[in-house]
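K.L.:
A predicted structure for the sequence below; I have some questions about it.
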Amino acid sequence: MANTSRSAKTDIITWEAEEYIVRDKTSWWYVGLAVVTLILAGISVWLQWWSFLLVVVLSVVALLIYVMRPPRILRYSLSNKGVSEGDRLYEYTDFKSFGILHEGGHFAIALTPVKRFSPRLMVYFPEAQGEEIVDAFGERLPMEEVKLDVLDKLIKFLRI
């Protein structure tokens, strides 16, 4: 899962990790989704809210496509400018701090943006290279304790 290298000349660390955590879903998860879908569809038909029915159906289809898709393996690199995710560079100046999240056997750097309504950037990393990666972030950004917000807790609860 991980490949790490460090070049003394350019001070770059690179590694590969999955883009998100895959949470196991039992058959009861799918039964629950079907029940909620049928309830919402029944309410929308009863009240003749046809556009809401369309939104419900499209949302469930999109959710199923999302949860069935395996995560991509992304290549990350850390340099003096910022952190790169594939071809996209996120500069350190866009973030005010970072923190570490640990869930099961997965570790992530949570980068808190300077802009108030921007989402947190999650950068997953392998445990074996964790110390080197965290130290490199620590040289460039202050470290703060990170807590899951309401949306993160909901996503974790729903196993999405």
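P.N.:
That came through, no problem.

K.L.:
May I see the buried residues of stretch 63-83?
P.N.:
By neighbour count on 16 or more other Cβ atoms under 10 Å, the buried set for stretch 63-83 is 67, 74, 76-79, 82-83. Every C-beta, even on glycine, is put in place using the N, C-alpha and C of the backbone.

K.L.:
Next, the contact list for residue 49, please.
P.N.:
The neighbours of residue 49, taking Cβ atoms under 8 Å, 6 or more residues apart in numbering as the test, are residue 43.

K.L.:
Would you tell me which one of the buried residues of stretch 63-83 comes nearest to residue 99?
P.N.:
The closest of the buried residues of stretch 63-83 to residue 99 turns out to be residue 83 (Cβ to Cβ; 14.3 Å).

K.L.:
three-state assignment of residue 116?
P.N.:
coil (DSSP: H, G, I helix; E, B strand; the rest coil).

K.L.:
roughly how far apart are residue 12 and residue 128?
P.N.:
Residue 12 sits 18 Å away from residue 128, taking Cβ to Cβ, to the nearest Å as the criterion.

K.L.:
Lovely, talk soon.
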